[in-house]
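1. Attaching a predicted model along with its sequence, questions to come.
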Amino acid sequence: MARKAGSATQWRIPLMKLRTLAPKVRPMRAKVEVKKQTDDFYRSAEWIALRKQVRAERGRICEGCGKTYEDDGSPVDLILDHIIERRDGGADFDPRNVQQLCTRAGGNGRGRIGGCHNRKTASEKQRRLQGR
Ligand SMILES: [Zn+2]
């Protein structure tokens, strides 16, 4: 089958466009992979089992402020937190390296705006920024 002379030229333009897009796409993909690894850890059977074990042994109580109920009477919302963060070399599944900290959902129900966990995360971030 004879090919038209113009067909090769038609392909050249889309390929050039793809090449110029590549550097913009790569950093975005890297960010998604980091987030996915974190999610995988907190969804792992081992972590969920530790969370249940700690809740059963210590009860529904914030280990930061001792709160069990919110002011409106609803049970306190707790997050299991690494005392020494994993990125600082803290043990992943050691009950001695975890604590239950209270948290409060933001106005839209998604963000975390208050509670001991939020305070701890903020002070860790501050410490990291100051390089201590
Ligand atoms: Zn608390």
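-> Thanks, I have the structure now.
2. For this structure, which residues are neighbours of the ion?
-> Residues of the chain lying near the ion by Cβ under 5 Å from the ion: Cys62, Gly64, Cys65, Lys67, Cys102, Cys116. C-betas here are computed from N, CA, C, even on glycine.
3. Just the buried residues out of those, in ChimeraX syntax.
-> To isolate the buried members of the residues of the chain next to the ion in ChimeraX, using 16 or more other Cβ atoms under 10 Å:
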select :62,64,67,102,116
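4. Show me the residues of the chain next to the ion that map onto helices.
-> Judged by DSSP state H, helices contain the following of the residues of the chain next to the ion: Cys116.
5. out of the residues of the chain next to the ion, which are inside strands?
-> Cys102 (DSSP state E).
6. Low-confidence regions, the protein specifically.
-> For the chain, the stretches with pLDDT under 70 are 1-36, 105-113.
7. hmm, 80 instead?
-> Residues of the chain meeting the criterion pLDDT under 80: 1-39, 105-114, 132.
8. mind listing the helices for it?
-> 6-43, 45-58, 115-129.
9. Go ahead and confirm Leu80 touches Leu50.
-> Yes - between Leu80 and Leu50 there is a contact at 7.2 Å, judged by Cβ atoms under 8 Å.
10. Mutual contacts of the two, please.
-> Val98 (Cβ atoms under 8 Å, 6 or more residues apart in numbering).
11. So for these two, which residue has more residues nearby?
-> Ranked by neighbour count (other Cβ atoms under 10 Å), Leu80 and Leu50 place Leu80 first, with 20 against 17.
12. Count residues in the vicinity of the closest residue to the more buried one other than its chain neighbours, would you?
-> Among residues not flanking Leu80 along the chain, Arg51 sits closest, at 4.8 Å (Cβ to Cβ, 6 or more residues apart in numbering). As a burial measure, Arg51 scores 16 neighbours (other Cβ under 10 Å).
13. repeat for Arg86
-> 12.
14. Could you do Ile79 as well?
-> 19.
15. Also Val98?
-> With other Cβ under 10 Å as criterion, Val98 counts 23.
16. what's the answer for Tyr69, then?
-> 11.
17. same check, this time on Arg96
-> 8.
18. residues contacting the residue nearest to it when sequence neighbours are not counted?
-> Sequence neighbours aside, Ile83 is the residue nearest to Arg96 in space, at 8.0 Å (criterion: Cβ to Cβ, 6+ apart). Residues in contact with Ile83 (Cβ under 8 Å, 6+ apart) are Gly90, Arg96, Asn97, Val98, Gln99.
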